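Q: here's my sequence, what's the structure:
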Amino acid sequence: MTSILVLIALALLFDFLNGFHDSANSIATVVSTRVLSPRLAVIWAAFFNFIAFLVFGLHVANTIGKGIIDIAIIDKSIIFGTLIGACGWNIITWYLGLPTSSSHALIGGMIGAALVKVGPSALVWKGILKTVTFIFVSPVMGLILGLGFGIAVYWIFQKSAPLKVDHIFRKGQLVSAAFYSLGHGGNDAQKTMGIIASLLFSAGLLGKTFHIPLWVVLACHAAIALGTMFGGWRIVKTMGQKVAKLKPVDGFCAESGAAITLFISSAFGIPVSTTHTITGAIMGVGSIRRISAVRWGVAGQILWAWVLTIPCSAIISAVAYILVRQLAR
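A: Numbers count the residues shown, from 1 in each chain. Model (predicted):
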């Protein structure tokens with residue numbers, strides 16, 4: 001029982017790191033446009049991260065819990081390897097200031113440990129392919145929706161004074177940031193719920209039917225909200241200013257486009273990357289003024305980090321799984 005409690009604590013640490021790492025996604029635009037101070041921005045985002053469980057179902061949690069690897073092979077060593085792989089990659093990319101996906105780090109961790117234990121037969125290819133497909137779909141959706149919102153808003157307010165537009169969207173960005181944070185909490189907290197529930201199920205603590213207990217839901221939302229409160233400032237700088245310079249109207253359009261993408265993905269139970277989504281939306285909005293407004297060199301570095309996330313976290317996870325099995329002998 002002690003080992004299960006330790007793994008639950010490690011899972012909640014991952015959830016905290018997820019919020020810490022991905023707080024940039026929720027607050028970068030609202031901070032870089034100076035609508036909110038960094039302190040108020042993280043409090044605003046954390047609140048909506050936490051209450052997201054009142055809005056969303058648990059479709060993503062079920063996908064993670066039993067839709068990536070065969071739930072029958074899950075044991076404490078698999079969960080340990082998964083979480084070490086995901087946490088390790090999150091810490092590395094936070095240090096480098098790269099906005100990578102905590103979601104895909106977690107999935108890569110599951111894949112790495114499962115491959116070492118059983119081999120390719122342990123993988124649930126339908127769930128993996130759906131997730132990998134959205135590595136490309138979610139930033140494109142974010143880009144298209146951000147660009148669409150931007151074109152519509154710029155057209156509607158083309159004859160308005162810039163000062164008036166700025167005043168309107170400073171208030172509007174509070175709403176868009178809130179919706180984005182809801183989407184972030186609703187999609188990302190569920191991934192840790194799936195991990196904890198699969199651990200409990202494999203230990204026979206959930207009975208014969210896989211489900212997500214309420215205490216797991218509340219604990220995961222609290223952990224991700226707390227992580228957001230601490231804020232990954234290195235990544236805020238990359239997201240808020242290095243990809244494209246943003247004004248309040250741009251931040252509103254980017255957050256709105258990304259929020260819609262997250263709401264749709266969560267409804268279909270697809271564990272997408274909030275990082276990929278908001279980055280795509282920022283690129284879409286930034287390219288309205290001119291293509292050169294987007295710093296494509298920085299975008300290229302981010303893209304490489306996305307591509308490497310699943311294999312690198314899988315390697316870390318595989319090594320962690322091998323080590324813990326050796327120590328258990």
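Q: tally of neighbours for G286?
A: Neighbourhood size, G286 [other CB atoms under 10 Å]: 25. Where you see a C-beta, it was placed from the backbone N, CA and C, and this is true even at glycine.
Q: V217 and F53 touch, don't they?
A: Yes. The pair V217 and F53 qualifies as a contact (CB atoms under 8 Å) at a distance of 5.2 Å.
Q: what is in contact with these two at once?
A: Overlap of the contact sets of V217 and F53 (by CB atoms under 8 Å, 6 or more residues apart in numbering) consists of A189.
Q: quick one: mean pLDDT for the host helix or strand of T133?
A: Assigned by DSSP states H and E, T133 falls within helix 125-156. In this model, helix 125-156 carries a mean pLDDT of 86.
Q: other SSEs contacting that helix?
A: Applying 3 or more CB pairs under 8 Å, 6 or more residues apart in numbering; DSSP states H and E, we find helix 125-156 packed against helix 59-66, helix 102-117, helix 248-267, helix 274-289.
Q: chain center to the second one: distance?
A: Yep, that's helix 102-117 we're talking about. Offset of helix 102-117 from its chain centre (CA atoms, centre = their mean, to the nearest Å): 16 Å.
Q: mind listing what's buried in it?
A: Counting neighbours by 16 or more other CB atoms under 10 Å, one finds that the buried residues in helix 102-117 are 102-117.
Q: out of the residues you listed, the closest to I224 would be?
A: Proximity of the buried residues of helix 102-117 to I224 (CB to CB) peaks at S102, which lies at 9.5 Å.
Q: isn't the closest one up against N18?
A: Yes. With contacts counted by CB under 8 Å, S102 reaches N18, the gap being 4.1 Å.
Q: who touches both of those two?
A: Common neighbours of S102 and N18 are listed as 90, 188, 191 (criterion: CB under 8 Å, 6+ apart).
Q: can you tell me which of these are in helices?
A: 90, 188, 191 (DSSP state H).
Q: so where is the stretch 201-329 of the chain shaky, pLDDT-wise?
A: By pLDDT under 70, the low-scoring segments of the stretch 201-329 of the chain are 231-246, 289-305, 329.
Q: one step back: possible to save the ones in helices among the shared contacts of S102 and N18 as TSV with neighbour count and pLDDT?
A: Shown next, in TSV, are these (neighbours: other CB atoms under 10 Å; pLDDT from 0 to 100):
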residue	neighbour count	pLDDT
N90	24	81
D188	34	82
K191	28	82
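Q: for V216, give its distance to N62.
A: Separation of V216 from N62 (CB to CB, to the nearest Å) stands at 12 Å.
Q: and the two? Which one has more around it.
A: Counted by other CB under 10 Å, V216 and N62 do not tie: V216 has more neighbours, with 25 against 19.
Q: that one: which element?
A: Applying DSSP H and E as the criterion places V216 in helix 214-230.
Q: that helix: which residues count as buried?
A: For helix 214-230, a neighbour-count test (16+ other CB under 10 Å) marks 216-217, 219-229 as buried.
Q: wait, what's in contact with the nearest residue to F50 once chain neighbours are set aside?
A: Leaving out its chain neighbours, the residue that sits closest to F50 by CB to CB, 6 or more residues apart in numbering is A225, at 4.0 Å. Neighbouring residues of A225 by CB under 8 Å, 6+ apart: 19, 46-47, 49-50, 185.
Q: filter these down to the ones in strands?
A: When these are checked against strands (DSSP state E), there are no matches.
Q: farthest pair in those?
A: Greatest spatial distance in these: G19 and F47, 12.3 Å, computed using CB to CB.
Q: helix or strand for the spatially closest residue to A113 that is not a sequence neighbour, which one?
A: Leaving aside its chain neighbours, A113 sits nearest to G81 (3.4 Å; criterion: CB to CB, 6+ apart). Remark: G81 resides in helix 76-96, with elements defined by DSSP H and E.
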